[in-house]
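**Student:** model this:
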Amino acid sequence: MQELRPGLWTWTAPHPERREADDWGPDVRSYAYDSGSHLVLFDPIAPPTLLEGLLEAQDVAVLLTAEWHRRSADECIERFGAHVYAPGDEPPARVDLLPTYYDEEVAYWIPTHRALVAGDFLFGENGFRVQDQWLPPNVTREQMHAGLQPLRDLPVELVLVTHGDPVTEDAYETLRAAIKT
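**Tutor:** So this is what the prediction gives:
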């Protein structure tokens, strides 16, 4: 587990359903954020035992960017008594829910860290980019980019992706370049 900033951590674990033919790496990334009232886990996979030391009587919230990122959510319920928030649920305090280009995937904004948490629509492997190979059949690239435009206006300092490394330097410019106008 790596601390990105005080109160914000990340870790990786192998994706349980990845196949050799997939065009993305074997590991996926998760994040933990201490909001003061909650330990918030974003798309957790194989939560490390180090998380248990961060609990300190806090409620544990699991936020999913997409329902298919449920991965280790049930383990978090069992181990930590976590409450799972689906993509349409209002998240706990100090985290904002942001729409993306379609209803089944959301992003989250952590204002205190100026961090954008993104699921599958942003990709940090082999160069940072918008992932347009996994578009739903009824969504065009143009619709996707139009739906992501509001994210370009955020004062982003970190982009926390689930595929690849988080963007910790020049995140604002990197995000704006990926989301075309």
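**Student:** beta partners for Val40?
**Tutor:** Tyr33, Ala61 (DSSP bridges).
**Student:** pretty sure it contacts Gln58?
**Tutor:** No - in this structure Val40 lies outside contact range of Gln58 using Cβ atoms under 8 Å: 9.4 Å. (Glycine included, C-beta is placed from N, CA and C.)
**Student:** Those two: which is more packed in?
**Tutor:** Neighbour totals were compared for Val40 and Gln58, and Val40 leads with 28 against 15 (other Cβ atoms under 10 Å).
**Student:** hang on, the earlier thing: so for Val40 and Gln58, which residues contact both of them?
**Tutor:** Here Val40 and Gln58 have Asp34 as joint contacts, going by Cβ atoms under 8 Å, 6 or more residues apart in numbering.
**Student:** Return the residues in contact with the closest residue to Pro155 other than its chain neighbours.
**Tutor:** The spatial neighbour of Pro155 that comes closest, neighbours along the chain excluded (Cβ to Cβ, 6 or more residues apart in numbering), is Arg114 at 5.5 Å. Contacts for Arg114 were tallied using Cβ under 8 Å, 6+ apart; they are 154-158.
**Student:** how about a cut-off of 6 Å?
**Tutor:** 155-157 (Cβ atoms under 6 Å, 6 or more residues apart in numbering).
**Student:** who wins for neighbours among these?
**Tutor:** Ranking the contacts of Arg114 using other Cβ under 10 Å puts Val156 first, with 21 neighbours.
**Student:** Wait, that residue touches Tyr172, no?
**Tutor:** Yes - the pair Val156 / Tyr172 is scored as a contact, 4.8 Å apart, by Cβ atoms under 6 Å.
**Student:** Where do the helices of the protein begin and end?
**Tutor:** Taking DSSP state H to define them, one finds helices in the chain at 73-80, 141-148, 171-178.
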